[in-house]
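[1] give me the fold of what follows.
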Amino acid sequence: MAEIQAEFRVPTTDLKVDLPFYTKELGFRLDQIFPADEPQVAVLSGHGMRLRIETGASEAPGTLRLLTDDPDALAAGERVLTAPNGTRIEIARLNPPMVIPDVQHSFAVRRLTDADPWVVGRAGMHYRDLIPDRLGGSIIASHIRIPDGGPVPDMVHYHTVGFQLIFCYKGWVDLVYEDQGEPFRLHAGNCVIQPPQIRHRVLFASDNIEVIEIGVPAMHNTTIDHEMELPNTTYNPERLFKGQKFVHHTADAADWGAFRLPGFEARDTTISDNTQGLAGVHVVRKGKGKRVWSFHDSEIHFSFVLSGRMILEGEGVEPCFLSAGDAFVIPPGMRTRYSDPSDDLELLEVSLPGVFETTLK
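    Numbering: from 1, shown residues only. You can find the predicted model right below:
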């Protein structure tokens, strides 16, 4: 018989107020919450049911959602029904395929000095959006900070994503991952990729820890796993999660080599190799040679200034003076030049796909 789960939806105007009531007063437990940077929806379970609290839901009587891996086998294939008491019944697929929206290309610059506020997201972390239009929902880039060090109120969880990168920008954080052994410390300058659905947990953070997190697509679920304990007893660093291998890249062990742009050098995080070319991540610094104009054919090309300063020149736009904490996106085919880099310039470059063509011109 096909698996069926029920989910009852109720409206909310302030999720932060409703969540403590349902969890502490009524005894529900939190199973999902999204999006991470400004939660709007929470899914809870308890008492033989699942409860979905959704900002802006308009139903007065409420909606009962029946989730099954075979929707056609339930209610003669109907997808929407109305109960006698007015409750709306929705029948939906239990595990819908992940959808990555088409990229809507744009040139964007996000400065640390912009007036946009930090927002409080999952587990009390503060988020700053680095790509305001999220390229049509295809990607989210977040600057995340935890102001006070110490234990992090996190739970074992996983993300339904196509690609996810955590780059430690400042401080350090202790992490543990499914099948990857004991907890380890992620230091500034190092990074990990979190393959799709790998269970993990944030354990402890230094004061003023800051990370850069990249997620594809922008809207993705975070699911709490109440059953798994980490570290788990299986050690399998070669395991593939949806075709991707876990990577913990350390700056100390990396080699610097030629970069795709003259005048710079880079260290490769090996992420392209371990995602089968899905995404590439490099740390770039000033090198020898003349800086030149170029354009690329990468579908998504994001950069974050880790340290130092530079001028980003672009065809049809005013020169952008950038410094640490700033970010930019360059669409394919747009001619740009990285000019006047300071000696301490370092950039984090993330591309999808991992290998793409750069034309010098």
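[2] show me where the stretch 1-150 of the chain has helices.
    15-20, 134-137 (DSSP state H, counting those that start in this stretch).
[3] reformat the ones you listed as JSON lines; add distance to Y338 and mean pLDDT.
    Backbone N, C-alpha and C define where each C-beta goes, glycine included. Output for the helices of the stretch 1-150 of the chain, formatted as JSON lines (distance: least, Cβ to Cβ, whole Å; pLDDT from 0 to 100):
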{"stretch": "helix 15-20", "distance to Y338": "41", "mean pLDDT": "85"}
{"stretch": "helix 134-137", "distance to Y338": "21", "mean pLDDT": "96"}
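[4] single out the most deeply packed of these.
    helix 134-137 (a mean of 19; mean count of other Cβ atoms under 10 Å).
[5] redo the helices of the stretch 1-150 of the chain as JSON lines? Include distance to P217.
    Output for the helices of the stretch 1-150 of the chain, formatted as JSON lines (distance: least, Cβ to Cβ, whole Å):
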{"stretch": "helix 15-20", "distance to P217": "21"}
{"stretch": "helix 134-137", "distance to P217": "6"}
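[6] quick check: which of those is nearest to G149?
    For G149, the closest of the helices of the stretch 1-150 of the chain is helix 15-20, at 23.5 Å, according to Cβ to Cβ.
[7] which elements pack onto the closest one?
    Helix 15-20 is packed against strand 41-46, strand 49-55, with contacts defined by 3 or more Cβ pairs under 8 Å, 6 or more residues apart in numbering; DSSP states H and E.
[8] what's near enough to touch F241?
    By Cβ atoms under 8 Å, 6 or more residues apart in numbering, F241 lies in contact with P195, P196, Q197, I198.
[9] got those residues as CSV, with neighbour count columns?
    Output for those, formatted as CSV (neighbours: other Cβ atoms under 10 Å):
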residue, neighbour count
P195, 25
P196, 17
Q197, 15
I198, 22
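[10] which of those residues sits closest to Q276?
    P195 (11.0 Å).
[11] pretty sure that closest one sits against I271.
    No - using Cβ atoms under 8 Å as the test, P195 is too far from I271 to be in contact (10.6 Å).
[12] can you tell me which of the contacts of F241 is nearest E238?
    Closest to E238, out of all of these and judged by Cβ to Cβ, is P195, at 12.2 Å.
[13] and that closest one, backbone torsions?
    Main-chain torsions, P195, degrees, to the nearest 10: phi -60, psi 160.
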